[in-house]
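**Q** pasted the sequence and its predicted model underneath.
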Amino acid sequence: MDFVMAEFNTIITFLGMLCATVQGCTGLYAMVYKKKMGLIKLNDVLFRSHRAFGGFATTLYLLGLFSGINSFVGAVTRNSPPLELESLSFNLHTWPSFPVVVVFAWKTYLSYFKKGPLYGKYRWLGPSLFVAWTYTWVTAAVSYYLRTLPSNPQHPAPSFLLPYSYMGLQIALPFILGGLIGLVTLRRSTRAAGSTPAKAGEDTR
């Protein structure tokens, strides 16, 4: 089976979206359902899952970003891959990627070097990054699939991803799989919280 770089990059984005979905489930549970964003710090299961899948998503985003920058530079300097300024899918995926990088860099910086504001003033950055991930994944997948069609054969048909006729399912899969993993994590965290109640005086904001 042929394995081309475009499909590899799409798989990276798929896995990143899956990890971002798991992280989003834990954040949404704490921030919206429990209304205690600090719960992520206090519940060991939530904390480990949120940190681990967030780290995976960050690594995968950086891999995709590196490849994307190479492709963009190649398109601008030598038209390889083609610089398709008249293509809606190209423009929708390429140009909004720049503000997405800003959201990603801001959230990542705070996560690793100044975490406190993420539980207060900048708690909206977590949902914003999830939206940015969603936009990146959906536009990347659509852009990839449109370039595997016989009418626009820039890439061969996918070998590992689902075929074009199942594109909708392929786009939904990281949310479905990530949601299932997130559900298991939340069930385990609830059991852990029930068996080890919070100590008196702990901050559960």
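**A** Thanks, I have the structure now. Numbers count the residues shown, from 1 in each chain.
**Q** so where do the helices sit in the protein?
**A** For the chain, the helices defined by DSSP state H occupy 5-28, 39-42, 44-78, 88-94, 97-113, 125-146, 167-195.
**Q** out of those helices, flag the one nearest residue 158.
**A** Closest to residue 158 of those, according to Cβ to Cβ: helix 5-28, at 5.5 Å. Where C-beta positions appear, they are placed from N, C-alpha and C, glycine not excepted.
**Q** packing partners of the closest one?
**A** Helices and strands touching helix 5-28, by 3 or more Cβ pairs under 8 Å, 6 or more residues apart in numbering; DSSP states H and E, are helix 44-78, helix 125-146, helix 167-195.
**Q** distance from the shortest one to the middle of the chain?
**A** What it means is helix 125-146. Distance of helix 125-146 from its chain centroid, counting by Cα atoms, centre = their mean, to the nearest Å, is 7 Å.
**Q** winner for burial among the helices and strands packed on helix 5-28?
**A** helix 125-146 (a mean of 20; mean count of other Cβ atoms under 10 Å).
**Q** what about residue 105, distance to residue 64?
**A** Counting by Cβ to Cβ, to the nearest Å, the gap between residue 105 and residue 64 amounts to 14 Å.
**Q** who are the packing partners of the helix or strand of the chain with the lowest mean pLDDT?
**A** In the chain, the helix or strand scored least confidently by mean pLDDT, DSSP states H and E is helix 39-42, which has a mean of 74. Counting contacts by 3+ Cβ pairs under 8 Å, 6+ apart, helix 39-42 is packed against helix 44-78.
**Q** I'd say residue 189 and residue 45 touch.
**A** Yes - if you go by Cβ atoms under 8 Å, residue 189 and residue 45 touch, sitting 3.9 Å apart.
**Q** which neighbours do the two share?
**A** Shared contacts of residue 189 and residue 45 (Cβ atoms under 8 Å, 6 or more residues apart in numbering): none.
**Q** just to check, residue 156 is in contact with residue 149?
**A** No - assessed by Cβ under 8 Å, residue 156 is found out of contact with residue 149, at 11.2 Å.
**Q** just give the nearest non-adjacent residue to residue 167, would you?
**A** residue 145 (4.9 Å; Cβ to Cβ, 6 or more residues apart in numbering).
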